[in-house]
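Student: The following comprises the amino acid sequence and a computationally predicted model.
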Amino acid sequence: MDGGIEAGGADSQNWDILLLPRARRVGQPLLSTCLSTAHTLLAAVHHLFLLPLVHAPSSPYCDVLLVNGPGTCVVVVLVSWIRRVLGLSHSRIIYVESWARVKSLSLSAKLLRPFVDSFVVQWPEAAGGGRAEYHGWLV
């Protein structure tokens, strides 16, 4: 699935939700994961890179990008990070680790920790020092 819901500008109370195809389904064979991740990458590039360049090249597409644990968020952060490195926009990226990750971080969290502006965990044991922020449960 991909599409947008309820669009608005930075000064409004509106927001966008972008629905992207999953990078990998539960139990999906690793061989076919490359194809589904490529599909997710194309959708993310379309929504986060190409459309903003066409519609408003000088303004940021979003102020904040809020992502959580599934592997799809790795692709989304990658595309947003590329925009940032190229100087096209600087969206604040906030990663929220899954509530289910009590003592250790997910692979997505370990990969994305250096690339996000805020890294939030929902259990104090999961913080493990570093720059993780713990504010209690968010669910």
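Tutor: Looks like it arrived, so ask away.
Student: Please go through the chain and pick out the longest helix.
Tutor: Ranked by residue count, the top helix of the chain under DSSP state H comes out as helix 30-45.
Student: Check which helices and strands that helix is in contact with.
Tutor: helix 72-85 (3 or more Cβ pairs under 8 Å, 6 or more residues apart in numbering; DSSP states H and E). Quick note: C-beta positions are derived from backbone N, CA and C, even for glycine.
Student: Packing partners of the helix or strand that the helix it packs on is followed by?
Tutor: Later in the chain than helix 72-85, the nearest helix or strand by DSSP states H and E is strand 92-96. Packing partners of strand 92-96 (3+ Cβ pairs under 8 Å, 6+ apart): strand 64-68, helix 72-85, strand 118-121.
Student: about what we covered before: residues of the longest helix of the chain that come out buried?
Tutor: Using 16 or more other Cβ atoms under 10 Å as the test for burial, helix 30-45 gives 36, 37, 39, 40, 41, 43, 44, 45.
Student: Dump the helices and strands packed on strand 92-96 to JSON lines, plus distance to residue 133.
Tutor: What follows is the helices and strands packed on strand 92-96, written out as JSON lines (distance: least, Cβ to Cβ, whole Å):
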{"stretch": "strand 64-68", "distance to residue 133": "14"}
{"stretch": "helix 72-85", "distance to residue 133": "17"}
{"stretch": "strand 118-121", "distance to residue 133": "5"}
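Student: Turn those into a markdown table, including distance to residue 130 and mean neighbour count.
Tutor: Supplementary listing: those in a markdown table, determined by distance: least, Cβ to Cβ, whole Å; neighbours: other Cβ atoms under 10 Å:
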| stretch | distance to residue 130 | mean neighbour count |
| --- | --- | --- |
| strand 64-68 | 18 | 17 |
| helix 72-85 | 18 | 19 |
| strand 118-121 | 8 | 19 |
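Student: one step back: could you list the buried residues of the very next helix or strand once past the longest helix of the chain?
Tutor: Proceeding N to C from helix 30-45, the next assigned helix or strand is helix 51-55, under DSSP H and E. For helix 51-55, a neighbour-count test (16+ other Cβ under 10 Å) marks residue 52 as buried.
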